[in-house]
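[1] build the 3D model from these lines:
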Amino acid sequence: MNAEAKYASATDLAGSNGEQAALHNRGVVLRAIHRGAPISRTEIARQSGLTKQAIARIAEKLIDDGLVVEARRRHGLRGQPAIELEINPSGCFSVGANIDRDHLTIVAMDATGAVRGRVHHESRFLMPEEFIRLMRDALQGFRQKKIIDETRFAGIGIAIPDWLGEVPVIGFPAAYHAWTDFDIPAALAKLTPHPVFIDNDANAAAAGELQFGLGRESRTFFYILASACLGGGLVLDGQQHRGVAKMGGEIGWLPTGTDPGGFGGGVQPLGKIVSLFILYDFLRQHGIEASEPKHLLALDGRGKALLSQWLRQVSVHVAEAVTHVGLIIDPDAILIGGRLPVRLIDELLLYVHEQLERSGADYPPVHRAAASEDAAALGAAAMPLAHALMLRTADAA
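    Numbering: from 1, shown residues only. Alright, predicted model coming up:
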């Protein structure tokens, strides 16, 4: 089954001084260090409500376990300089993979969220067997280069779109239905004894943003993932929200009713208007071939003009979606990331802000996500790390 996970909210920084709460308190201290590092033991005690003696015991155990290091002494305060704590980058490692209809990205990450290694394949409609072969090669490469320490390996995270083998997208081959019944955890179990965590790509991207991106500033946000297709992930008060049927955040199915021309008019799902595959098809209809994000950055003058035309057209629909999400959720921010190149996300945001200001409607701040191109892979790698560091509770697949 897929890994179910909820990130710790601010209230999870409250500790318990009861004797039966050792594991909970360990997690509280780890979360405080992860979010606030460098941070002193006194500051952790103040945030958590735990006694200084309890913090001292937990911190020493975390240092002995190699998860935390004493970073430096903070001077300039009265009394003895405070010794500050940080997460040990080599305390644990993970691998995250994002498999999508147009690529496979695999990253190796340390405990602080820093990427130690990356393998990327631009490949349309990669089949399951090839995915497993490339995963095996990447893991072997990471081990041989000593990028990951097998004794401190927290596991593998997989970010994969919902209904990968079912949703009919442009160029969809019949053989791609093989993904529908493919057992990813069972296949990966032959490569590693470590746990495997699975979530959809948009949720994974939002998870990575929560832990290592703008989530440190915004605790309630909606993440729009613009890749081969369109997806969304929702974070409420520092916790991911997937809904009863695990459909929370599926912005690709959100109907939009406005039409600036060029899309046939009428109400359409946002995912049938905005995505990389749809952009490639738009350019192809105008005689321009592009099949990878990097091709979009190498267009000639005419191609760039068409690209800007498309971004302006879809900005109307994105602005409409932003308004709807803002009214329903009232988030701190809406973030846009994914495989759409950063420069193009920035141009799209410029047009979206123009549309929102022109409408006069109230809307939340809209920003580019901190992690864009590899957002889903980074979020996938964050899942096993979060489990190991007790940043959230999760069950492996």
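
[2] so which residues of the stretch 151-300 of the chain form strands?
    Counting by DSSP state E, counting those that start in this stretch, the stretch 151-300 of the chain has strands at residues 153-159, 196-199, 221-226, 230-236, 239-241, 255-256, 268-269.

[3] save the ones you listed as a markdown table, and put in mean neighbour count and distance to residue 134 too.
    For the C-beta atoms, the positions are set from N, CA and C on the backbone; glycine is no exception. Below are the strands of the stretch 151-300 of the chain laid out as a markdown table (neighbours: other C-beta atoms under 10 Å; distance: least, C-beta to C-beta, whole Å):
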| stretch | mean neighbour count | distance to residue 134 |
| --- | --- | --- |
| strand 153-159 | 28 | 13 |
| strand 196-199 | 26 | 16 |
| strand 221-226 | 30 | 22 |
| strand 230-236 | 26 | 22 |
| strand 239-241 | 19 | 28 |
| strand 255-256 | 18 | 36 |
| strand 268-269 | 16 | 32 |
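
[4] now render those strands as CSV, adding distance to residue 140 and mean pLDDT.
    Output for these, formatted as CSV (distance: least, C-beta to C-beta, whole Å; pLDDT from 0 to 100):
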stretch, distance to residue 140, mean pLDDT
strand 153-159, 13, 97
strand 196-199, 17, 96
strand 221-226, 29, 96
strand 230-236, 30, 95
strand 239-241, 32, 89
strand 255-256, 45, 88
strand 268-269, 41, 91
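
[5] can you redo those as JSON lines with distance to residue 326?
    As requested, those are exported to JSON lines (distance: least, C-beta to C-beta, whole Å):
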{"stretch": "strand 153-159", "distance to residue 326": "26"}
{"stretch": "strand 196-199", "distance to residue 326": "25"}
{"stretch": "strand 221-226", "distance to residue 326": "9"}
{"stretch": "strand 230-236", "distance to residue 326": "13"}
{"stretch": "strand 239-241", "distance to residue 326": "16"}
{"stretch": "strand 255-256", "distance to residue 326": "15"}
{"stretch": "strand 268-269", "distance to residue 326": "19"}
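
[6] what's the closest of those strands to residue 369?
    Taking C-beta to C-beta, strand 221-226 is the member of the strands of the stretch 151-300 of the chain nearest to residue 369, at 6.6 Å.

[7] pull the CA atoms of that closest one into PDB?
    In PDB, the C-alpha atoms belonging to strand 221-226 read as follows (Å, rounded to 0.1, in the frame of the first residue of the first chain):
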ATOM      1  CA  PHE A 221      -0.200  26.500   1.200                       C
ATOM      2  CA  PHE A 222      -1.300  25.000  -2.100                       C
ATOM      3  CA  TYR A 223       1.300  23.600  -4.400                       C
ATOM      4  CA  ILE A 224       0.600  23.600  -8.200                       C
ATOM      5  CA  LEU A 225       2.900  21.100 -10.000                       C
ATOM      6  CA  ALA A 226       3.300  22.000 -13.700                       C
END
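
[8] report the inter-axis angle for it versus strand 230-236.
    Here strand 221-226 runs at 170 degrees with respect to strand 230-236, directions being taken by axes from the mean of the first three to the mean of the last three C-alpha atoms, to 10 degrees.

[9] which other residues reach strand 221-226?
    By C-beta atoms under 8 Å, 6 or more residues apart in numbering, the surrounding residues in contact with strand 221-226 are 201-202, 205-206, 209, 214-215, 230-235, 249, 251, 274-276, 318, 321, 325, 329, 331-340, 345, 369, 375-376.

[10] wouldn't residue 126 be in contact with residue 99 here?
    Yes: look at residue 126 against residue 99 with C-beta atoms under 8 Å: they come within range, at 6.7 Å.

[11] more neighbours: those two, which one.
    residue 99 (26 against 19; other C-beta atoms under 10 Å).

[12] OK, contacts around that one?
    Counting by C-beta under 8 Å, 6+ apart, residue 99 touches 126, 131, 158-160, 164.

[13] same thing with residue 352?
    Going by C-beta under 8 Å, 6+ apart, residue 352 touches 315, 318-319, 322, 366.

[14] where's it, which helix or strand?
    Assigned by DSSP states H and E, residue 352 belongs to helix 342-359.

[15] what's the following helix or strand after that helix?
    Where DSSP H and E defines the elements, the next helix or strand beyond helix 342-359 is strand 366-368.

[16] and after that following strand, which helix or strand comes next?
    Next along the chain after strand 366-368, taking DSSP H and E as the criterion, comes helix 375-388.

[17] and that next one, C-alpha only, in PDB?
    Extracted C-alpha coordinates of helix 375-388, given in PDB (Å, rounded to 0.1, in the frame of the first residue of the first chain):
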ATOM      1  CA  ALA A 375      10.600  19.100  -6.900                       C
ATOM      2  CA  ALA A 376       8.900  15.800  -6.900                       C
ATOM      3  CA  ALA A 377      12.100  13.800  -6.700                       C
ATOM      4  CA  LEU A 378      13.300  15.900  -3.800                       C
ATOM      5  CA  GLY A 379       9.900  15.400  -2.100                       C
ATOM      6  CA  ALA A 380      10.200  11.700  -2.600                       C
ATOM      7  CA  ALA A 381      13.600  11.600  -0.900                       C
ATOM      8  CA  ALA A 382      12.200  13.700   1.900                       C
ATOM      9  CA  MET A 383       9.700  11.000   2.800                       C
ATOM     10  CA  PRO A 384      12.100   8.400   4.200                       C
ATOM     11  CA  LEU A 385      14.200  11.100   5.800                       C
ATOM     12  CA  ALA A 386      11.100  12.500   7.600                       C
ATOM     13  CA  HIS A 387      10.300   9.000   8.900                       C
ATOM     14  CA  ALA A 388      13.900   8.500  10.100                       C
END
